[in-house]
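Colleague: below is the structure, and that's it, no one-letter string:
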DNA sequence: ATTTGGGGTTCCCTGAAGGAACTCATGCTG
DNA sequence: CAGCATGAGTTCCTTCAGGGAACCCCAAAT
């Protein structure tokens, strides 16, 4: 389908999609985050085609989101989150919150997060980096930034 | 390619991807958010195929993320965010922050957000809904929730 | 009566996803 | 040492979704 590349657009959403926007990539990241770090584990857990898994892992490594690390004298490898990748997981946590609120149904959320700092079950709350007050979609004006197109 | 449906997985990330995980959907949401609400506007701005745009808009309306609204006596329509959709935009704001930090390059971020509450340029910061302290990927333990699989 | 313009459909072509089989290097077992 | 097992991919074929351009329909406006 010669899928359109988004990376050249002057938009951080489009650029981010170029890194993890392909099908399966967010789920791969999720699995690596919770400790499923090896090829066959990922393949079995996700039910993804091995071909596509190979492609996605390569791409995520290339983008600096994952790191491919040998764990044996034999040619065996594990995938780990880099700092860049760990910060991406925050985005997944926000996705989880939305999915929990709008799609979970009566059974409730599939997973819970316990926050280390307070020890409580909690979800992630978007707040203003400047004043700390809630920062939702209609709490902001969108202005052109320095990297805006001409 | 008979793309795998993620919606049946017991995972809020997978379920959310079923709503906005298809190519273009997040960009459509972004455009609608900043006021590009009509078919031809969206098509021209994104450079998306009209066919795919039709499919995406239908799907987003079906999922309750967008609302299709007539704006004229003639059959003319605008797409608007529902509450469900507006909350999804928060996820886009987090994507933006990540893209700004890791992909923007020397030109800097393409857009800036001014927070209504404090009037300052700021970005969105993930915090614990319980204690208000920062809540990043490695600040939490992931536990099975009530909706977890057996 | 014809043009214009928004909002889509229809069509064909290419390329990405699914799926299963195959490969390759190493280590273990008998 | 032969044979099997294992992790980590590759190869190959088929099917379906995305790109792109042309086409269509309806309701003003000229």
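Modeller: Arrived safely. Remember, it's a predicted structure, so these values are computed and weren't measured experimentally.
Colleague: please count neighbours and contacts with C-alpha atoms only from this point.
Modeller: Will do.
Colleague: which stretches of chain A form strands?
Modeller: A:66-70, A:77-81, A:111-115, A:121-122, A:124-128, A:140-144 (DSSP state E).
Colleague: flag the shaky bits of chain A, pLDDT-wise.
Modeller: A:1-2, A:150 (pLDDT under 70).
Colleague: now the helices for it?
Modeller: A:12-20, A:25-33, A:39-46, A:50-62, A:83-103 (DSSP state H).
Colleague: export those as CSV, with columns for mean neighbour count and distance to residue A:109.
Modeller: Listed next are the helices of chain A as CSV, based on neighbours: other Cα atoms under 10 Å in any protein chain shown; distance: least, Cα to Cα, whole Å:
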stretch, mean neighbour count, distance to residue A:109
helix A:12-20, 22, 24
helix A:25-33, 20, 16
helix A:39-46, 15, 19
helix A:50-62, 16, 27
helix A:83-103, 21, 5
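Colleague: of the ones you listed, which is nearest residue B:109?
Modeller: With Cα to Cα, the closest approach to residue B:109 among those belongs to helix A:12-20: 7.4 Å.
Colleague: show me what from chain A comes close to DNA strand C.
Modeller: Within chain A, the positions lying close to DNA strand C (Cα under 7 Å from any atom of the strand) are A:1-3, A:22-23, A:47-52, A:73-75.
Colleague: so which of these reach chain B?
Modeller: A:22, A:23 (Cα under 8 Å from any Cα of the partner chain).
Colleague: out of the residues of chain A next to DNA strand C, what pair is the most spread apart?
Modeller: Most distant of the residues of chain A next to DNA strand C, by Cα to Cα, are A:1 and A:73, 40.7 Å apart.
Colleague: one step back: ranking the strands of chain A by burial, who's on top?
Modeller: Scoring the strands of chain A by mean neighbour count under mean count of other Cα atoms under 10 Å in any protein chain shown gives strand A:124-128 as the most buried, with a mean of 25.
Colleague: coming back round to it: and the strands of chain A as a markdown table, adding distance to chain B?
Modeller: Formatted as a markdown table, the strands of chain A follow (distance: least, Cα to the nearest Cα, whole Å):
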| stretch | distance to chain B |
| --- | --- |
| strand A:66-70 | 14 |
| strand A:77-81 | 11 |
| strand A:111-115 | 4 |
| strand A:121-122 | 6 |
| strand A:124-128 | 5 |
| strand A:140-144 | 4 |
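Colleague: I'd like those as a markdown table, with distance to residue B:110 appended.
Modeller: A markdown table is the format used below for these (distance: least, Cα to Cα, whole Å):
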| stretch | distance to residue B:110 |
| --- | --- |
| strand A:66-70 | 26 |
| strand A:77-81 | 27 |
| strand A:111-115 | 33 |
| strand A:121-122 | 32 |
| strand A:124-128 | 19 |
| strand A:140-144 | 6 |
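Colleague: of those strands, which is nearest DNA strand D?
Modeller: Among these, strand A:77-81 comes nearest to DNA strand D, with 3.7 Å by Cα to the nearest atom of the strand.
Colleague: that closest one vs helix A:83-103, what angle?
Modeller: Here strand A:77-81 points in a direction 70 degrees away from that of helix A:83-103 (axes from the mean of the first three to the mean of the last three Cα atoms, to 10 degrees).
Colleague: can you count the residues close to residue A:74?
Modeller: The burial count assigned to residue A:74 is 7, neighbours taken as other Cα atoms under 10 Å in any protein chain shown.
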